[in-house]
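Colleague: Build the 3D model from these lines:
(one chain, ligands or ions: 1)
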Amino acid sequence: MNIIRVKDYDELSEKACEILRDDIKKSAGCVLGLATGSTPEGLYQQLIEAYNKGGISYANCTTFNLDEYVGLASDDPNSYRYYMDEKLFSHIDLPDDQAFLPNGFAMDPEKECRDYEALIKDAGYVDVQVLGLGLNGHIGFNEPGTPFDSRTHVVDLDESTRQANARFFHSMEDVPKKALTMGIGSIMESRKIVLLVSGEKKADAVKELVNGEMTNEFPASILQKHENVILIADEEALSKL
Ligand SMILES: O=P(O)(O)OC[C@H]1O[C@](O)(CO)[C@@H](O)[C@@H]1O
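Modeller: The predicted model follows:
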């Protein structure tokens, strides 16, 4: 794992933007894997700024997001589709029909998961996947105990994950109990992974990620096995290494 140490969150966002921008420029048909949560927000802002300066186009890119809550419509401000539209898609020239997220409102969620896998395969798999890190080591919504070879699937969210995300909802009861997520096996097929971690509260998780044993009780530990992972982390997140 290649670790890039940065001073703070702003530098983390700039560094991640540089990497993605170079990949997008290198391959016009770049397939991007995208994440939600608080951590990539700065990256998306940077990407918008870079786009506004010119010289970069998403017209031939395809994007696949990691996950989506079950039961939230795309116009629900807490859905990840809404998040992506607001924070990135509506500001760049990525065509709507090239931006994919699992449909949390699908009538048949299992079929939706199979179809999502097929779409990723048809696109030639993900070139560069952006990832955040959950406090319990989750990647996407793959909670502890998820098999390393899992494909896109429906998950019951951990109570700790629901609590961590409750800040976005009116009350704890409003936080969905299920989600659709790309599996760990699906994530591992990405050619390159850019993992973003910021802040002191993630320091224990980073220590486990880098020095812990590889176990599905800490899903992100599988990344030790991937040949092309770049961890961009700030000083606080790296403070326990
Ligand atoms: O960046 P945050 O908000 O700390 O979230 C970390 C991870 O948790 C999730 O938000 C899911 O709980 C992921 O989407 C994200 O990668």
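
Colleague: What residues does this structure have near the ligand?
Modeller: By the rule Cβ under 6 Å from any ligand atom, the part of the chain lying against the ligand is Ala35, Thr36, Gly37, Ser38, Thr39, Gly132, Leu133, Gly134, Phe141, Thr161, Ala164, Asn165. For every residue, glycine as well, the C-beta is placed using N, CA and C.

Colleague: Would you mind writing the ChimeraX command to select the buried ones in those residues?
Modeller: In ChimeraX, this line selects whichever of the residues of the chain next to the ligand come out buried by 16 or more other Cβ atoms under 10 Å:
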select :35,36,37,39,132,133,134,141,161,164,165
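
Colleague: Between the residues of the chain next to the ligand, which sits nearest Ala179?
Modeller: Ala179 lies nearest to Phe141 out of these, by Cβ to Cβ, at 4.4 Å.

Colleague: Which pLDDT value belongs to the closest one?
Modeller: pLDDT recorded at Phe141 is 95.

Colleague: Who are the contact partners of Trp211?
Modeller: Residue 211: Asn, not Trp. Asn211 makes contacts with Leu241, as judged by Cβ atoms under 8 Å, 6 or more residues apart in numbering.

Colleague: on that earlier part again, give me the subset of the residues of the chain next to the ligand that lies in helices.
Modeller: Mapping those onto helices (DSSP state H) picks out Thr161, Ala164, Asn165.

Colleague: correct me, but the last one touches Val175?
Modeller: Which is Asn165. Yes - Asn165 is in contact with Val175 according to Cβ atoms under 8 Å; the separation is 6.0 Å.
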